[in-house]
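*Asks:* the amino acid sequence is not available; the structure is as follows:
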């Protein structure tokens with residue numbers, strides 16, 4: 001598949017890095033100095049503007065199967081998608097930051113008069129990030145939360161602390177609630193699929209999947225989910241900071257928003273109903289202490305600068321904030337943030353990558369979520385109509401994987417080894433990224 005990416009930013013780097021080994025990736029940008037990160041990838045680089053039809057044709061970019069416009073300019077992304085559609089049959093992805101553009105484009109796409117427009121998919125990464133932040137905030141002890149099967153099933157990732165009742169125990173001895181599975185463990189940055197004999201150690205991050213009710217019991221009994229989130233401090237009043245504060249207000253959670261730009265503070269105040277907006281620098285320790293930041297249940301750093309987010313996060317941890325979450329622009333920085341003690345580090349670009357992968361790269365299979373910077377995947381697939389029914393233990397998958405959820409009509413099943421699976425059952429599977437395609441191929445051929 002030939003994939004053309006417009007824009008040489010962190011988002012483009014993640015997309016190119018994820019795709020170049022299996023696809024013909026071309027990057028087009030009007031800058032000469034792309035940096036070593038792009039130069040280290042085996043991709044073609046075209047200097048120029050994706051809005052220029054002449055450049056598109058001269059460099060055979062009109063032969064693309066997929067075009068991804070992800071520059072930092074909404075207008076440039078819109079125009080380049082229009083140009084690409086005018087000269088090619090490529091499916092187009094348009095990244096948008098402004099809410100008004102995003103709403104307008106989706107309104108046009110959903111109109112019964114104008115369904116076929118220049119952008120096949122419109123992605124707003126800030127909205128995806130806000131949704132993920134809200135899920136993590138409202139499940140206090142978890143570092144990653146995903147909902148599946150129309151909210152009937154869930155994935156939770158928890159860190160194992162020395163005080164945890166399951167620390168140093170083997171999984172088979174933990175006596176977890178029914179309908180709960182451990183599907184993955186991250187130890188020293190490396191993800192693996194455990195067995196019953198795997199011992200849970202302090203510092204491990206354990207990934208659970210199962211029915212929501214059973215996971216609630218797990219949280220209450222093992223991870224002490226009796227913490228009520230009453231207050232959240234947000235450092236950074238940009239698009240994500242404002243959207244997150246608005247979402248938290250709807251959940252009756254009190255917010256403080258720190259924003260260094262006075263005009264932006266005024267705008268935020270006009271668009272929030274109950275939150276306190278403070279004009280100040282989140283790296284000012286004395287200001288944070290004066291405003292009682294240490295009393296916050298959660299602090300979230302969402303400026304557009306990784307270095308500032310890291311500094312603010314570390315200051316908050318030193319001030320005694322119980323849980324600190326930080327936005328990370330460069331995906332490679334996620335592990336660094338967590339190694340120095342930040343509770344949760346989130347890359348908004350990874351969520352956007354899921355959307356592209358699901359809709360355009362492998363449309364027959366849905367990647368619902370990735371974990372540990374893409375080491376693991378949670379994929380969803382529907383068994384073909386000619387599939388021969390059998391027990392899960394008899395599937396003989398070519399690689400290790402966990403079938404964590406079976407959806408059958410309106411029923412959600414957390415399966416065991418002797419659970420039968422039937423044609424057209426919908427499976428949600430946890431596996432390693434490098435083996436997911438082989439598992440999919442095997443199940444479709446059974």
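*Replies:* Received, thanks. This is a predicted model, so every value here is computed, not measured.
*Asks:* any stretches of the stretch 251-400 of the chain with poor pLDDT?
*Replies:* In the predicted model of the stretch 251-400 of the chain, residues 358-365 satisfy pLDDT under 70.
*Asks:* helices of that one, residue ranges please.
*Replies:* 262-271, 285-290, 306-319, 334-339, 348-356 (DSSP state H, counting those that start in this stretch).
*Asks:* export those helices to JSON lines and tack on mean neighbour count and distance to residue 154?
*Replies:* C-betas here are computed from N, CA, C, even on glycine. JSON lines is the format used below for these (neighbours: other Cβ atoms under 10 Å; distance: least, Cβ to Cβ, whole Å):
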{"stretch": "helix 262-271", "mean neighbour count": "14", "distance to residue 154": "31"}
{"stretch": "helix 285-290", "mean neighbour count": "15", "distance to residue 154": "33"}
{"stretch": "helix 306-319", "mean neighbour count": "20", "distance to residue 154": "26"}
{"stretch": "helix 334-339", "mean neighbour count": "17", "distance to residue 154": "22"}
{"stretch": "helix 348-356", "mean neighbour count": "21", "distance to residue 154": "17"}
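*Asks:* grab the nearest non-local neighbour of the residue nearest in space to the middle of the chain.
*Replies:* The centroid of the chain falls nearest to residue 351 when counting by Cα atoms, centre = their mean (3.3 Å). Distances taken as Cβ to Cβ, 6 or more residues apart in numbering place residue 128 nearest to residue 351, at 3.9 Å, with adjacent residues excluded.
*Asks:* hang on, that neighbour in a helix?
*Replies:* Yes. Under DSSP: H, G, I helix; E, B strand; the rest coil, residue 128 falls within a helix.
*Asks:* now for residue 175: which residues touch it?
*Replies:* Counting by Cβ atoms under 8 Å, 6 or more residues apart in numbering, residue 175 touches no other residue.
*Asks:* any idea how far it lies from residue 165?
*Replies:* As judged by Cβ to Cβ, to the nearest Å, residue 175 and residue 165 stand 10 Å apart.
*Asks:* and residue 80, by the same measure?
*Replies:* Taking Cβ to Cβ as the measure, residue 80 falls 55 Å from residue 165.
*Asks:* neighbour-wise, which of those two wins?
*Replies:* Neighbours were counted for residue 80 and for residue 165 using other Cβ atoms under 10 Å; residue 80 has more, 28 against 11.
*Asks:* please verify my assumption that that one contacts residue 29.
*Replies:* No. Between residue 80 and residue 29 there is no contact under Cβ atoms under 8 Å: 11.0 Å.
*Asks:* joint contacts of these two?
*Replies:* Joint contacts of residue 80 and residue 29 (Cβ under 8 Å, 6+ apart) are 6, 71.
*Asks:* wait, the residue nearest to the centre of the chain touches residue 129, no?
*Replies:* Yes. Assessed by Cβ under 8 Å, residue 351 is found in contact with residue 129 at 6.3 Å.
*Asks:* of all the helices of the stretch 251-400 of the chain, which lies closest to residue 151?
*Replies:* helix 348-356 (18.2 Å; Cβ to Cβ).
*Asks:* next up, the contacts around residue 395.
*Replies:* Counting by Cβ under 8 Å, 6+ apart, residue 395 has contacts 403, 421, 443, 446.
*Asks:* same check, this time on residue 214
*Replies:* Counted by Cβ under 8 Å, 6+ apart, residue 214 has contacts 177-180, 414.
*Asks:* so which of those is the most crowded?
*Replies:* residue 179 (21 neighbours).
*Asks:* that residue reaches residue 212, doesn't it?
*Replies:* No. Counting by Cβ under 8 Å, residue 179 stays clear of residue 212, with 9.4 Å between them.
*Asks:* please enumerate the strands of the stretch 1-150 of the chain.
*Replies:* 2-6, 24-29, 44-47, 66-69, 91-95, 121-123, 144-148 (DSSP state E, counting those that start in this stretch).
*Asks:* and the shortest one, what does it pack against?
*Replies:* Using 3 or more Cβ pairs under 8 Å, 6 or more residues apart in numbering; DSSP states H and E as the contact test, the elements touching strand 121-123 are strand 91-95, helix 99-109, helix 348-356.
*Asks:* what lies in contact with that strand?
*Replies:* Under Cβ under 8 Å, 6+ apart, the answer for strand 121-123 is 91-96, 102, 105-106, 109, 352, 355-356, 359-360.
*Asks:* would you mind checking the residues you listed for buried ones?
*Replies:* Among the contacts of strand 121-123, those scoring as buried are 91-96, 102, 105, 352, 355-356, 359-360 (criterion: 16 or more other Cβ atoms under 10 Å).
*Asks:* the residue nearest to the centre of the chain and residue 434: what is the separation?
*Replies:* Residue 351 is 21 Å from residue 434, by Cβ to Cβ.
*Asks:* nearest to residue 188, of the contacts of strand 121-123?
*Replies:* residue 352 (27.8 Å).
*Asks:* so the closest one is in contact with residue 95, correct?
*Replies:* Yes. Residue 352 lies in contact with residue 95 (Cβ under 8 Å); the separation is 7.2 Å.
*Asks:* who touches both of those two?
*Replies:* Listed as contacting both residue 352 and residue 95 by Cβ under 8 Å, 6+ apart are 11, 70, 123, 125.
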